[in-house]
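Trainee: Next come a sequence and a model predicted from it.
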Amino acid sequence: MINISNFGTKVHSNILDDLGPLYHSYKLFGAENAQIENFRVNQVCKESILLGYIMLAIGKCRRHFADRPSFAELFCADGYFTMAANYFGAEPAVGIDNNRDSWSNHAPEIARRLGLGGVRFELRDVNSISESNEYDIVANIGGLYHVSNPVEVLRKSYDLARKYLIIQTVVSLANNDENYFAAPAPGWQHGCRFNPQSFVNMVIAQGYRIIDAQFNQLEGNERLEDRGSVYMLVEKRQQ
């Protein structure tokens with residue numbers, strides 16, 4: 001279900017102009033902003049799947065019109081998908097990031113200008129998470145390939161969720177070994193890489209109930225090691 005109160009809020013198309021080129025485009029909210037080019041291409045590749053998963057998870061969590069499922073996005077960067085979740089009816093919608101690359105600097109101000117009152121941000125390393133069943137929906141988007149311990153972080157993400165976990169990560173297209181895993185990531189001094197099959201195998205090994213999975217290519221990334229993208233919607237088994 002969509003939060004119709006947010007859809008009644010009008011924003012000026014140039015409301016974000018002074019913030020410079022941003023990680024995401026905010027056209028969803030009625031704003032026209034400059035965007036870094038390879039991020040523009042990758043957003044087009046990713047967001048229809050991710051926004052669909054977010055809306056589906058919110059809809060499946062709601063039993064009554066007034067229900068507002070809670071949402072957390074890990075590795076939120078500029079918080080775009082956190083804001084989208086609030087726009088679609090989740091509250092609170094919480095973005096969590098250590099802001100290592102400074103992408104979160106403008107997130108609270110963007111949310112304020114877009115009139116999204118149900119959003120908040122936490123400056124926090126995902127590895128520090130120890131809570132369980134804290135949010136109805138958790139989205140681990142674009143972060144697992146930046147850490148050296150992806151299985152541990154995935155388990156923390158699953159534990160944090162009460163009902164649904166949304167996963168997206170970059171995978172390598174440079175090989176087809178079903179057991180492939182590299183840490184650090186090829187050509188990097190940090191992070192890791194699976195390939196599409198080895199990532200799926202890893203998630204299946206956790207015993208999670210995957211209710212939808214997708215794969216495509218991030219055409220804004222040139223290297224084969226950075227070009228694949230895997231998406232999953234996981235329904236958490238009720239204890």
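Mentor: Thanks, I have the structure now. Numbers count the residues shown, from 1 in each chain.

Trainee: pLDDT at the residue of the chain most remote from its centre, what is it?
Mentor: Residue farthest from the centre of the chain, counting by C-alpha atoms, centre = their mean, is residue 177 at 26.5 Å. For residue 177, the pLDDT comes out at 97.

Trainee: in a strand, that's where it is, yeah?
Mentor: No: assignment of residue 177 by DSSP: H, G, I helix; E, B strand; the rest coil gives coil, placing it outside any strand.

Trainee: tell me, which strand in the chain spans the most residues?
Mentor: Using DSSP state E to assign secondary structure, the strand with the most residues in the chain is strand 161-171.

Trainee: average pLDDT across that one?
Mentor: 98.

Trainee: Quickly run through the sheet partners of it, with directions.
Mentor: According to DSSP bridges, strand 161-171 forms sheet pairs with strand 135-141 (parallel), strand 228-235 (antiparallel).

Trainee: Can you tell me who residue 234 pairs with across the strands?
Mentor: Here residue 234, judged by DSSP bridges, has bridge partners residue 165, residue 210.

Trainee: how many neighbours does it have?
Mentor: Residues within reach of residue 234, counting by other C-beta atoms under 10 Å, total 26. For glycine as for every other residue, the C-beta is placed from the backbone atoms N, C-alpha and C.

Trainee: Same check on residue 178?
Mentor: Count around residue 178 with other C-beta under 10 Å applied: 11.

Trainee: In which helix or strand does residue 94 reside?
Mentor: strand 93-97 (DSSP states H and E).

Trainee: Could you do residue 216 as well?
Mentor: strand 209-217.

Trainee: just residue 41 next, same as before
Mentor: Per DSSP H and E: helix 37-61 holds residue 41.

Trainee: same question, residue 204
Mentor: Going by DSSP H and E, residue 204 is part of helix 196-205.

Trainee: Run through the neighbouring helices and strands of that helix.
Mentor: helix 150-160, strand 161-171, strand 209-217, strand 228-235 (3 or more C-beta pairs under 8 Å, 6 or more residues apart in numbering; DSSP states H and E).

Trainee: Kindly provide the distance from the residue positioned nearest the centre of the chain to residue 165.
Mentor: Residue closest to the average C-alpha location in the chain (C-alpha atoms, centre = their mean): residue 141, at 2.9 Å. Residue 141 sits 11 Å away from residue 165, going by C-beta to C-beta, to the nearest Å.
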